[in-house]
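Asker: can you look at this prediction? I've put the sequence above it.
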Amino acid sequence: MGYAGAIDYLYGLQKHGIKLGLDNTVKLLSLLGNPQEKFHSIHVAGTNGKGSTSAMIASILQAAGFRTGLFTSPHLVSFTERIRVNNEEITEWEVVELTEEIRSKIEGSELNPTFFEFVTAMGLLYFKRKNIDWAVVETGMGGRLDATNVLLPEAAVITSINYDHSEFLGNTISAIAEEKAGIIKDGVPVITSAQELSVMNVIERRAGEKNADLFIYGRDFSVAIKSEDTSGSVFNYNGDSCFEDLVIALPGRHQVLNASLALKTIEIVSKKSSHHASCITHHAIRNGLGNIKWQGRLEFISKEPLILIDGAHNPSAAKILADALREIFFKKYRRIILIAGIMSDKNVRGIMAPLLPLAAEIILTAPAYERAASPQKLAECAAGMGFTNIHLAPTVKEAIDMAINLSAFSPQPSAKNSELLLITGSFYTIGEAKEILCGRGIFSSLRETL
């Protein structure tokens, strides 16, 4: 199988759709020798913030000298972003080789894995082959029946839980929490952000059933922000240990809260052995947070023109983005041109509501994906909310060109760099924008989470 053949094969797995359940993954990993048993792991679930939190944990472990794997989804530009060791992405040819190997294992069997089941097995097998010490693994969707839930981790982390993927996880926040809390296992400590009461009730009940120690933000650990700007934040952490003047190179108060989850997780796993405790020093923690990079979350991808992307793809993420714009970015950038492309199965109005009032000009578009809502549908929703400063662009490329033209002909305030182009609404939209502006993608059309 060549490179093109591997691409065709991975594309073909999409026909199996989304199957929530562990049977396929358990059988597939058994065929591969259960690679997930060969390293320590940390499992991360939630609605928003789980990718950033996973990256922070992995960065600290790497800074402590551990060989660390990171498995996340979705990717923005290249499929290879999903599987990393010491922040080095798997190469495209390693993807091809593993695709060929795993395909040969399941040929002739009754296994018909989905795309995400196959990729989960690929990532875990790759980690085993690379002799990692730790894997930090983000769920794809949910938790209880997510393919990654084959792990028996050293700690389980649950970030903020809100409404998303309701068609698969349930129509109530409690039902969604039940699925996310499904990563909690017997005797495995759990670290969670502050949650609304109904969500916390589910997490506490599940932790009690599993005899798992539960550590809650605001009760067992906390942070205090000292300063923040568009490049990141300085904050203090208070848990079993106290750290002052930590720097995180990701902007937004939400990232400081994510960092608190990462720090508490590191505290917990470092207590499990004297070796871990001796390696995870204050220096490693500072370096791990200070050197963190994470794509697609308040990320500048162009200086001329100035373009910011953020993958806000549900109402809670859109509110977080809007809060960051008001609290940080409006101190420097007074005029925003917003480009939004949103999936048709998302809460379009809920995503738009916090963001549209902040934009001087609104450009509605659609990424090249069949689930994308048409610009016309988005415009109808925006008009129904009372917005008239609306422009339509059939493609993301045309939307970017339109935004640049609007920027060029707009009245410029006196302050330098006072105008900002913001692209958001979906990982598909920002991934396509980044591909257009920053370079060619590898397996870019396989961008979906599952």
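Answerer: Thanks, I have it.
Asker: where's residue 282 relative to residue 75, distance?
Answerer: 33 Å (C-beta to C-beta, to the nearest Å). (Glycine included, C-beta is placed from N, CA and C.)
Asker: so the two - more neighbours on which side?
Answerer: residue 75 (24 against 10; other C-beta atoms under 10 Å).
Asker: can you list phi and psi of the closest residue to the more buried one other than its chain neighbours for me?
Answerer: Take residue 75 and drop its neighbours on the chain: the residue closest to it by C-beta to C-beta, 6 or more residues apart in numbering is residue 81, 4.0 Å away. Phi and psi for residue 81, reported as degrees, to the nearest 10, are phi -60, psi -20.
Asker: ok, residue 81 - contacts?
Answerer: For residue 81, the contacting residues are 72, 75, 89, 295, by C-beta atoms under 8 Å, 6 or more residues apart in numbering.
Asker: helix, strand or coil for residue 56?
Answerer: Recorded secondary structure, residue 56: helix (DSSP: H, G, I helix; E, B strand; the rest coil).
Asker: which ones are touching it?
Answerer: So residue 56 contacts 248, 258-259, 262, 288-289, 292 (C-beta under 8 Å, 6+ apart).
Asker: check the secondary structure at the most centrally placed residue in the chain for me.
Answerer: By C-alpha atoms, centre = their mean, the chain has its centre lying nearest to residue 51, at 3.2 Å. Put simply, residue 51 is helix when judged by three-state DSSP.
Asker: where's the nearest residue to it once chain neighbours are set aside relative to residue 371, distance?
Answerer: Distance criterion C-beta to C-beta, 6+ apart; nearest residue to residue 51, sequence neighbours excluded, is residue 72 at 5.0 Å. According to C-beta to C-beta, residue 72 stands 21 Å off from residue 371.
Asker: could you do residue 11 as well?
Answerer: 16 Å.
Asker: helix or strand for the nearest residue to residue 359 once chain neighbours are set aside, which one?
Answerer: Closest residue to residue 359 apart from its sequence neighbours, by C-beta to C-beta, 6+ apart: residue 338 at 3.7 Å. Applying DSSP states H and E as the criterion places residue 338 in strand 335-340.
Asker: quick one, helices of the stretch 101-250 of the chain?
Answerer: 115-129, 166-169, 173-180, 197-209 (DSSP state H, counting those that start in this stretch).
Asker: highest mean neighbour count out of these?
Answerer: helix 115-129 (a mean of 25; mean count of other C-beta atoms under 10 Å).
Asker: how is this protein carved up into domains?
Answerer: 3-290, 299-438 (automatic domain parsing).
Asker: quick one: low-confidence parts of the chain?
Answerer: The model of the chain has pLDDT under 70 over residues 1-4, 7, 14-20, 165-168, 170, 274, 409-417, 440-450.
Asker: residue 27: what's it in contact with?
Answerer: Residue 27 makes contacts with 109, 111, as judged by C-beta under 8 Å, 6+ apart.
Asker: relative to helix 115-129, how tilted is the helix or strand harbouring it?
Answerer: Secondary structure assigned from DSSP H and E places residue 27 in helix 23-31. If you take axes from the mean of the first three to the mean of the last three C-alpha atoms, to 10 degrees, helix 23-31 sits at 30 degrees to helix 115-129.
Asker: rewinding a little: which positions within the strand holding residue 338 qualify as buried?
Answerer: 335-340 (16 or more other C-beta atoms under 10 Å).
Asker: how about those residues, which pair is most distant?
Answerer: With C-beta to C-beta as the measure, no two of these lie farther apart than 335 and 340, at 16.5 Å.
Asker: on that earlier part again, quick one: the residue nearest to the centre of the chain and residue 140 touch, right?
Answerer: No - between residue 51 and residue 140 there is no contact under C-beta atoms under 8 Å: 10.9 Å.
Asker: go ahead and confirm residue 32 touches residue 105.
Answerer: Yes - the pair residue 32 and residue 105 passes the contact test of C-beta under 8 Å, sitting 6.5 Å apart.
Asker: endpoint to endpoint, stretch 244-258 covers what distance?
Answerer: In stretch 244-258, first residue to last residue: 17 Å (C-alpha to C-alpha, to the nearest Å).
Asker: buried sites along that stretch?
Answerer: So, applying 16+ other C-beta under 10 Å, buried residues of stretch 244-258: 246-248, 250-258.
Asker: show me which helix runs longest in the chain.
Answerer: Taking DSSP state H as the criterion, the chain has its longest helix at helix 253-270.
Asker: which element follows that one toward the C-terminus?
Answerer: Taking DSSP H and E, what comes next after helix 253-270 is helix 274-279.
Asker: what does that next one contact?
Answerer: Contact with helix 274-279 is made by 64-66, 269-271, as judged by C-beta under 8 Å, 6+ apart.
Asker: quick check: angle from the helix or strand that it is followed by to helix 253-270?
Answerer: Following helix 274-279 in sequence order, the next helix or strand is helix 282-290 (DSSP H and E). Relative orientation of helix 282-290 versus helix 253-270 (the same axes, to 10 degrees): 150 degrees.
Asker: return the set of buried residues in helix 282-290.
Answerer: Neighbour-count burial for helix 282-290 [16+ other C-beta under 10 Å]: 284-289.
Asker: who are the contact partners of the closest residue to residue 395 other than its chain neighbours?
Answerer: Closest residue in space to residue 395, ignoring its immediate chain neighbours: residue 365 at 6.5 Å, by C-beta to C-beta, 6+ apart. Applying C-beta under 8 Å, 6+ apart to residue 365 gives the contacts 339-341, 375, 392-396, 398-399, 429.
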